[in-house]
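In: build me a structure from this.
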Amino acid sequence: MLKHFLHRRYFQSPTSNPSIIKHCIALLQSCAKSSKTLKQIHSFSIKNHIPISNLNLGKHLIFFYVALSLPYASKLFDEIRDRSNTSNTLNVFVWNTKIKGYAESEAPRKGVVLYGEMVRRGDATETNLYTYTYVLKAAAKGMDERVRECVYRVMVRDGFDGLVFVANGLVNVYAVCGRVESARKVFDAMGERNLVSWNSVINGAGLNGRPNEVLGGRINFS
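Out: Below you'll find the model as predicted:
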């Protein structure tokens, strides 16, 4: 499928571009399993004059590059950020993808720094639960407690503190920095819990040398 498509000829006209973009996205979703394949699809889009500022394709490229080549994903992100004049609603997917990439990398601090840039540019008006989930994950791994608290205050301000995904991230943040009681307080106040919630508070107790809180029943499994 990939080889057949990449050898097809397209006339370079505005009406052909939507078709090329559609097929490139389909190929990314079905064939982008390696950096080599991803670069072939990306190269094809460039040869057919699809600009990187086209967010419909660009956001998919960044999504797959983050997992395979974070440095190159960063380069694409910078190009999209500098050239894009599209709405914040579309931009938030790109920001989230990049923050997530840093949060799961060896440089999580950059994820929090990137969120700060997002706020300064005015692109944070459409943040969603994924934004704060990834920012909290990055903060837990790479920032000091003051920064974590700052992220939490912003999260509360924007009304995301009651969501289970975000609350799970906060429990993990407190556990990582040794604030077991704070983690328990957030956990106990959660109106909804899932498996991640339980794992986070249990792992937090064990991580901080307090396994008896689990074994001794101080964590209520109800």
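In: please make it C-alpha for all contacts and neighbour counts, starting now.
Out: Fine.
In: next, the residue nearest to Ala167 when sequence neighbours are not counted: phi, psi?
Out: Spatially, and ignoring its direct neighbours in sequence, Ala167 is nearest to Asp161 (6.1 Å; C-alpha to C-alpha, 6 or more residues apart in numbering). The phi/psi pair for Asp161 (degrees, to the nearest 10) reads phi -70, psi -20.
In: how about the helices of this structure, start to end?
Out: With helices called from DSSP state H, the chain shows them at 2-6, 17-31, 35-47, 55-68, 70-83, 88-103, 109-120, 129-142, 145-157, 164-176, 180-189, 195-207, 212-215.
In: tell me the contacts of Val135?
Out: Neighbouring residues of Val135 by C-alpha atoms under 8 Å, 6 or more residues apart in numbering: 99-100, 103, 111-112, 115, 151.
In: show me where pLDDT drops low in the protein?
Out: 1-17, 83-90, 124, 142-144, 211-222 (pLDDT under 70).
In: kindly recompute the last result at 90.
Out: The model of the chain has pLDDT under 90 over residues 1-60, 67-69, 71-94, 106, 108-109, 112, 115-222.
In: coming back round to it: the contacts of Val135: which two are farthest apart?
Out: Using C-alpha to C-alpha, the pair of these lying farthest apart is Lys100 and Val151, separated by 15.3 Å.
In: more neighbours, the two?
Out: More crowded of Lys100 and Val151, by other C-alpha atoms under 10 Å: Lys100, with 24 against 20.
In: surely the more buried one and Tyr132 touch.
Out: No: counting by C-alpha atoms under 8 Å, Lys100 does not reach Tyr132; the two are 10.0 Å apart.
In: rewinding a little: number of nearby residues for the residue nearest to Ala167?
Out: Asp161 has 22 neighbours, counted by other C-alpha under 10 Å.
In: what sits against Tyr102?
Out: Tyr102 touches 108-111, 138, counting by C-alpha under 8 Å, 6+ apart.
In: just the buried residues of those.
Out: Buried members of the contacts of Tyr102, scored by 16 or more other C-alpha atoms under 10 Å, are 108-111, 138.
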